[in-house]
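In: Coordinates for the following, if possible.
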Amino acid sequence: MLVKGAAALATGALAPTLAATQAAADSYTKDIPMPVGGGRPLPANRKFVSKAVEAEIERVSVKISDPKLRTMFVGCYPNTLDTTVEMGEVDGKPDAFVITGDIPCLWLRDSSAQVMPYLHLAKSDKALTQLFRGLIARQSRCILIDPYANAFMKDPTAKTNLGWAQKDQTAMKPGVAERKWEIDSLCYPTRLAFRYWRTTGDKTPFDGLWADAARTIIRTFREQQRKDSAGPYSFQRTSNRPTETMQLDGWGAPSRSVGLIHCGFRPSDDSCTYPFFIPANLFAMTTLREMAYVAEEARGDDALAADARLLADELATALGQWGTMTLPDGRRVWAYEVDGFGNAMFMDDANVPSLLGLAFLDCVKPDDALWQTTAAAVWSDANPYFFKGKAMEGIGGPHVGLGQVWPMSLIVRALSTDDPALLRSLLRTLRDTDANTGFIHEAVDCNDPTKFTRPWFAWANGLFGELIVKLVDTHPEILAAPL
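Out: The predicted structure is shown next:
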């Protein structure tokens, strides 16, 4: 997604980038149903209500001693439900369209991640059951429209309303909002389906529609292994930002066929430098195995399960051979991107999947030695997008610019550790860098938290709420004491 948010950031070195996108952002944020200074919209203005979520807010909030942290949780945790969910019906079945926040389109990645914090409550709440059934179905229909697209319109017959995407040189189809090929766009719906099945045992969403989408995911991943050809996808965009387009006439940097999946864009929506994006390939390997589990258990579809596992095993072999690299100081780490010719780059971006987020995504175990070494390296000067300033330290990325920390990186780090001292430190920073808005933003100037992007970013808000719920259940003493 393009940079959105506070006009305060449109100064200094970032001014050219934000000036180019602020006008587009303004057209989508005129009627933001977000309260000023934290909290929630009035009950009459809330988009979706879950009794289970309301009870969870009460259960958790009374255990948070810090008043500001408590206010942030109460506003952030239900933010997706309060402001981004649009329920309907398709063929008599529930349909859920979940926008990102200040952009009125459904991103496959974001919509999955936005509802994940409520999954543990789904079995006990009919409203949530309808939401998850509706979103799984909507995502399946989106994937069948175009598995190479990352974002979709509510009306499947509509042309994109995103000004920056209207002249893209790619095969835009009705219903597609943006067509950036990101491996994780197909991983996140698979993860959502798996966790919903594992949590509820509800077979309803796993019908022929879901199976068709699952087979389309496998086919698309295989196309982008590029064993026989470059496949059907190419993309170009006229922009003064090189990360907004793909090189070599839209086909991306060259790669040698080694079994990995060729990727166009990272989850930041920035184009890849080397086309084998390792965090997303690891996520694909993991979610293909989860797809196989659902296919077998919920559908009895042994053929689909075998196909998914075969590809997952192929990715595992390729990752073992091509997915790591050695840093100048001799440490062996997961690479960020490689090309199959022996070239590799090390960095990390705050958007998940990331190297930092591999344990959070269950791609590796938290105590895995290779990941521990990698995580330490990305949270250091070894990562060109690790920033440390007067107000905070953390990981950003090229999407917004240098010196801009994404609070998401702090939340993911907190969700990946069991160290009480580190958890307290991360919570203090998150609490103190919200610019007194009560919400989590996309990016924050590491020296001045009043400069931030995207005042309405539901994914980050929900992720913060997910962290607090986890801490109440695993480290209640941290929230019960002053930070």
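
In: quick one, what contacts residue 283?
Out: With contacts defined as C-beta atoms under 8 Å, 6 or more residues apart in numbering, the neighbours of residue 283 are 183, 184, 187, 353, 361, 363. Quick note: C-beta positions are derived from backbone N, CA and C, even for glycine.

In: Redo those residues as CSV? Include neighbour count, distance to residue 425 and secondary structure.
Out: Formatted as CSV, the contacts of residue 283 follow (neighbours: other C-beta atoms under 10 Å; distance: C-beta to C-beta, whole Å; DSSP: H, G, I helix; E, B strand; the rest coil):
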residue, neighbour count, distance to residue 425, secondary structure
183, 28, 33, helix
184, 27, 29, helix
187, 30, 31, helix
353, 28, 24, coil
361, 22, 23, coil
363, 24, 25, coil
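
In: shaky segments in this structure?
Out: 1-38 (pLDDT under 70).

In: Nearest to residue 84 among the contacts of residue 283?
Out: Of all those, residue 84 sits closest to residue 184, with 19.3 Å by C-beta to C-beta.

In: how near is that closest one to residue 103?
Out: 17 Å (C-beta to C-beta, to the nearest Å).

In: do the same with residue 365
Out: 35 Å.

In: Neighbour count for the two, which is higher?
Out: Comparing residue 365 with residue 103 by other C-beta atoms under 10 Å, the one with more neighbours is residue 103, at 24 against 11.

In: Residue 162 is in contact with the more buried one, correct?
Out: Yes. Contact status for residue 103 versus residue 162: in contact at 7.4 Å, counting by C-beta atoms under 8 Å.

In: hey, what's in contact with both of these two?
Out: With C-beta under 8 Å, 6+ apart as the test, residue 103 and residue 162 both reach residue 151.

In: In terms of helices and strands, where is residue 148?
Out: Using DSSP states H and E, residue 148 sits in no helix or strand.

In: Please report phi then psi for it.
Out: Phi and psi for residue 148, reported as degrees, to the nearest 10, are phi -90, psi -10.

In: show me what contacts it?
Out: 179, 181, 220, 232, 233 are the contacts of residue 148 under C-beta under 8 Å, 6+ apart.

In: hmm, 6 Å instead?
Out: Applying C-beta atoms under 6 Å, 6 or more residues apart in numbering to residue 148 gives the contacts 179, 181, 233.

In: what's near enough to touch the nearest residue to the second one once chain neighbours are set aside?
Out: Distances taken as C-beta to C-beta, 6 or more residues apart in numbering put residue 264 closest to residue 181, at 3.7 Å, once the chain neighbours are dropped. If you count contacts by C-beta under 6 Å, 6+ apart, residue 264 has them with 181, 235, 246, 252.

In: hang on, the second one packs against residue 170?
Out: Right, residue 235. Yes. Using C-beta atoms under 6 Å, residue 235 makes contact with residue 170 at a distance of 4.4 Å.

In: Hmm, residue 443 and residue 407 touching each other?
Out: No. At 8.1 Å, residue 407 does not count as touching residue 443 under the criterion of C-beta under 6 Å.

In: Find residues that contact each of these two.
Out: What both residue 407 and residue 443 touch, as defined by C-beta under 6 Å, 6+ apart, is an empty set.

In: Please work out how many residues are found near residue 249.
Out: Residue 249, neighbours per other C-beta under 10 Å, totals 9.

In: That one is in what secondary structure piece?
Out: helix 247-250.

In: residues in contact with that helix?
Out: 234, 235, 236, 253.

In: List the residues that contact the second one.
Out: Put plainly, it is residue 235. 170, 246, 250, 264.

In: swap in residue 394?
Out: Per C-beta under 6 Å, 6+ apart, neighbours of residue 394: 405, 409, 410.

In: Mind doing that once more with 10 Å?
Out: Contacts were defined as C-beta atoms under 10 Å, 6 or more residues apart in numbering; by that measure residue 394 touches 350, 356, 379, 385-388, 404-413, 426, 429-430, 433, 443-444, 446.
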